[in-house]
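1. Quick one, structure for this:
(2 chains)
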Amino acid sequence: MLLMAACFGAGAISSPLARWSGRLALGVGHLAALAGAMVGFGVSLGVLLGPPGLTLIQPLPAIFPFARLSLSVDGLSAYFLLVISLVGVAAAFYGPAYLRTHSPDAGAARQGAQVLALNVFLGCMAFVCCAGDALTFLLCWEGMTLASYVLVVSDDTDGENARAGLLYMVMAHGGTALLLVAFLTLTERAGAFDFAALRAAAVGLDSATRTTLFFLALGGFATKAGVVPLHVWLPRAHPAAPSHVSALMSGVMLKVAIYGILRFAFDLLAPVTGPAPFSWGWTVLFVGTISAVLGVLYALQQHDLKRLLAFHSVENVGIILIGIGLAMILWRREGVSGALATVALTAALLHTVNHAAFKGLLFLGAGSVLCRTHVRNMEELGGLARRMPWTAGLFLLGAVAISALPPLNGFVSEWLTFQALLGGADCFHGPAGLSIVLSAAMLALTGGLAAACFAKAFGVTFLGRPRTPHAEHAKEAPPSMIAGMVWLAALCVLLGVAPGYVMRLLDAPTIGLLHEAGASAVVTARGPLVLSTALTESGVDATAISMTMMAALLVALAAIAWVLRHGFRGNSLRTAPTWTCGMSPTARFDYTATAFAKPLRLVFAALYRPRREVIKETAGTPYVLRRMKYAGEVVDFAETHIYHRIQYGVTRLSRILRLRSTGRIHGYIGFVLAALFIALLLFGVRHP
Amino acid sequence: MISERSLGLVLLEMTLLVLLSPLVTGIIQKLKARLQCRQGASIFQPYRDLIKLFCKGTVQADTTSGFFRWIPVLVLAATVAAGALVPVVHAGPAVFPFGDALMLLGLLALARFLTAIGALDAGGAFGGMGASREMTIAPLVEPVLMMVVFSTALAARTTDLGALAAHRGTSWIFAWRAADFLGFAAMLVLLPAETGRIPVDNPDTHLELTMLHEGMLLEHSGPGLGCMILASHTRQIVSLTFVSALFFPIGPVAGADAIGLLLGAGAFAAKILVLALYLALVESSYAKLRFFRVPQYLGVGFVCAIMALALRIL
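-> Numbers count the residues shown, from 1 in each chain, chains lettered A, B, ... in the order given. Alright, predicted model coming up:
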């Protein structure tokens, strides 16, 4: 089976050979990506549905004399491979038509490069999750970063994208450096690179080293996952890439970082007995909560459709981290039932696949809008629902799912997270319990704000009247792009309406990580139609919901309401212009995104600190206005308060250094010698 | 003591809620009129209005999309489905669980989200204004409601409304602890916001500066408007039943036989009347708040809810 996965990579890399024709390259390249994703799908299902504890191990050719490389797919790897494949399939369907319609005059060379980078990107993500040793992991991790960098800067040739790419590169490599330290410390102790040896080496670590290593790894992965305050690259880089790549970056690449956190926290560095150190779980829970709230608050004030979606990825990674942090807190804690940790981890893993599905869908929808209008700013769109009905309907579905509204999938994982948080709060009394409940309240706030944000995003983009000719002349997206979206929309509905049947897939990762009862035994104890969690040991007062029954009830009620809607006496339908107080309606009567979000901007003004500038040009008296100019902006808090200060410090430091840069070669040689001398004094004199 | 509710009973209760919901609005209007020394319309007036609307034709804005016709249908379905989640005449978990308190809040949020989408569809400034304001208030109300639910759920260790009601039992107000009083106070602050009444919203006005929910309905007409209005009646009665299930499940704990059900129904009527009187009193004695004062008003509820949670856990 793994050989098939390897053929994915081979097919992927051979694809740009078709470079002489851009169109052919697009077709073949995406076909290879599709085949690879299907193979990955097969492998992951094989492992997840196979006998418990099944691990596929595939040695790789020995490229390096000092290390044996291998792939190993256990439950956790297979689950993330599944997530990658699901979105990969949609991206492969969507990609060719998107690249052709969005930039029809792009050269074959650029298209070939995009196809190459896409395949390398997909392959590296899959192999990071399947890596069986540290070296493969790091190599593929780096390949993933580089390939996505190429994709970020490939779309347009303006300076904005290049700057976004540079920021991404710097942040990603900062994170990789932390990971390198964590991995190399372990490999040095183990004397080998494979994970089994690392695990054995971690047993002997003292608790301080263990915690240091964990935080190094957490820092590295959090940078990639876009956790506040390490998220600044994400809202710039994700929108810059072609839309199906944005879908992959937001929906999948962030999840690879989540995979890394899980691998380190529950597998490589986990203590053999007893709970994980106190600080781990609380840190993760805390940063998760902060990310969730700040992510959605900043998303609310974005008017760039793709940037808004990127900020929502920060939010959703936060929600996943809330589940993971809670699982770490509860796992093997005295007096806490093991099932509760399973619920928390199940919630996090389920939200992982859910977010991949709806965020992928939303990015593809935004991409359809972008390729037909070439506008990302919502204020210049509007009225697209009449022109692109399929895209609009699918985007609305994604919007309902991401706002955690029933009966779709976002609600299911947030419900599980809430149940786990409540159960956790019940186990801890005092401030610990209170902070867990407050985290739940923040999660509720996040859900409400997400609904407001998507009412705005959908309403302003797709409803009302078109505000510019770009939107006026938009056409529906090509069928292959719609097919990609329908696939993800079907996943959203399936995961929302019948989540009980999916729990079986979560058994292998939850049992493998926690060594407790599996997800399906805990959550679907009352059959696959009912999700239930027992907050008490006895289980009598278990809370249960049935998404399937609720969906059926909704459909039945909607049918009755449809009859009512048609009225008792026939159905005479007349159209008339919208009421605008007697003036003839134009697009300027439509509410804009800025106006829609204004009340919330004022309510949360203490956090946003919005900048507002009004320039009035009057004719003599203040009562006659000639011209008026308004500019408003909300800047990211982390950016102004952390990064600008760092930048200021670095600039000052380099100014001071420049004073010493005289340009004379003797001076430089003197510095080098002095540095060498100091280094020898510090490190060299230890060996007598 | 805890007996389960059968599927038939759940659906019957849901239908009962929908059928009675215009009556509750009528009673509130009548009480308000009496408090303001007016005669007021009959308590059955909302039924007449609904029948009139369902007999009318539809006038639809020419800029609307295909979604617009579906909005009233889906809003009504989501709101009525929320009615299946609250225990009315009898407590205890349902035999076949539809959902819990979180699902109920989720369904109401879905209805609100779709209403806002419908308001933006026609492309008028009123709809946008209503949608923007409603979606500003909603994220501030929902977390506080959730916190009130959490504060009771932590005692009962479940978020299922039937089980919550059964856990509270017949012990009435004497068994309340400080956390319950604070939670109830928070709920009383939130109730006008959740039902769209003064001091947060004004259901009687179509003046653009004061309206929230009504602004979103401006472009609906005929049977579609009827569906939206029935949905807002239902939302009101569901909210009231939700409060009584959380705090006063005195009736619904009686036995499952005919006498028990009748007792439960009588107690239900009494509780809803008391809460309706509360709403009418608040509406008659306060002015509507300026929109940007509403967050401060809701802040009172937030502080009560957080104190309730802290007392429950610490």
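2. Could you tell me the single residue of the stretch 51-200 of chain B that sits nearest to chain A?
-> residue B:128 (2.4 Å; C-beta to the nearest C-beta). Heads up, the C-betas are built off the backbone N, CA and C, glycines and all.
3. ok, now which ones touch that residue?
-> Residue B:128 is in contact with A:459, A:464, A:590-591, A:595-596, B:119-120, counting by C-beta atoms under 8 Å, 6 or more residues apart in numbering or on different chains.
4. In three-state terms, how would it be classified?
-> Secondary structure, DSSP: H, G, I helix; E, B strand; the rest coil: residue B:128 is helix.
5. The strand or helix carrying residue A:315 vs chain B: in contact?
-> Per DSSP states H and E, residue A:315 falls inside helix A:305-330. No: counting by C-beta under 8 Å from any C-beta of the partner chain, chain B is not contacted by helix A:305-330; separation bottoms out at 12.9 Å.
6. List the buried residues for that helix?
-> A:305-330 (16 or more other C-beta atoms under 10 Å in any protein chain shown).
7. right, and the helix or strand after it?
-> Next helix or strand after helix A:305-330 toward the C-terminus (DSSP H and E): helix A:338-373.
8. the inter-axis angle of that next one versus helix A:305-330?
-> Here the directions of helix A:338-373 and helix A:305-330 differ by 170 degrees (axes from the mean of the first three to the mean of the last three C-alpha atoms, to 10 degrees).
9. Please compute how far helix A:338-373 lies from its chain's middle.
-> On the basis of C-alpha atoms, centre = their mean, to the nearest Å, helix A:338-373 is displaced by 8 Å from the centre of the chain it belongs to.
10. as a whole number, average confidence for it?
-> Across helix A:338-373, pLDDT averages out at 94.
11. Let me know whether it sits next to chain B.
-> No: shown here: helix A:338-373 not in contact with chain B (C-beta under 8 Å from any C-beta), separated by at least 11.8 Å.
12. what helices or strands is the helix or strand following that helix leaning on?
-> Downstream of helix A:338-373, the next assigned helix or strand under DSSP H and E is helix A:384-387. In terms of contacts (3 or more C-beta pairs under 8 Å, 6 or more residues apart in numbering or on different chains; DSSP states H and E), helix A:384-387 is packed against helix A:389-402, helix A:431-462.
13. what's the neighbour count on residue 275?
-> Since no chain was named, I'll use chain A. Per other C-beta atoms under 10 Å in any protein chain shown, the neighbour tally for residue A:275 reads 18.
14. My question was about chain B, not that one.
-> When neighbours are counted by other C-beta under 10 Å, residue B:275 registers 23.
15. Help me confirm that it is found in a strand?
-> No: under three-state DSSP, residue B:275 falls outside any strand and is assigned helix.
16. Quickly note the distance from the residue lying closest to it once chain neighbours are set aside to residue A:634.
-> When the adjacent residues along the chain are set aside, residue B:275 lies closest to residue B:240, with 4.7 Å between them (C-beta to C-beta, 6 or more residues apart in numbering or on different chains). Separation of residue B:240 from residue A:634 (C-beta to C-beta, to the nearest Å): 39 Å.
17. For chain B, what is the nearest residue in the stretch 451-600 of chain A?
-> Closest point on the stretch 451-600 of chain A to chain B, by C-beta to the nearest C-beta, is residue A:591, at 2.4 Å.
18. So that residue: helix, strand or coil?
-> Recorded secondary structure, residue A:591: coil (three-state DSSP).
19. and the strand or helix carrying residue A:607, which residues are buried?
-> Per DSSP H and E: residue A:607 is located in helix A:605-608. Neighbour counts over helix A:605-608 (16+ other C-beta under 10 Å) mark residue A:608 as buried.
20. List of residues touching the next helix or strand after that helix?
-> Downstream of helix A:605-608, the first helix or strand assigned by DSSP H and E is strand A:611-618. Contact with strand A:611-618 is made by A:622, A:624-635, as judged by C-beta under 8 Å, 6+ apart.
21. Of these, which pair is most distant in space?
-> Between any two of those, the greatest separation by C-beta to C-beta is 34.0 Å, found for A:624 and A:635.
22. When these two are compared, which one has more neighbours?
-> Set residue A:624 next to residue A:635 and count neighbours by other C-beta under 10 Å: residue A:635 wins out with 15 against 8.
23. If the nearest residue to that one once chain neighbours are set aside is in a bridge, with which residues?
-> The spatially closest residue to residue A:635, leaving aside those adjacent along the chain, is residue A:611, at 6.9 Å (C-beta to C-beta, 6+ apart). In this structure, residue A:611 bridges to residue A:633 when assessed by DSSP bridges.
24. Ok, the one 4 residues further on next?
-> When bridges are taken as DSSP bridges, the partners of residue A:615 come out as residue A:629.
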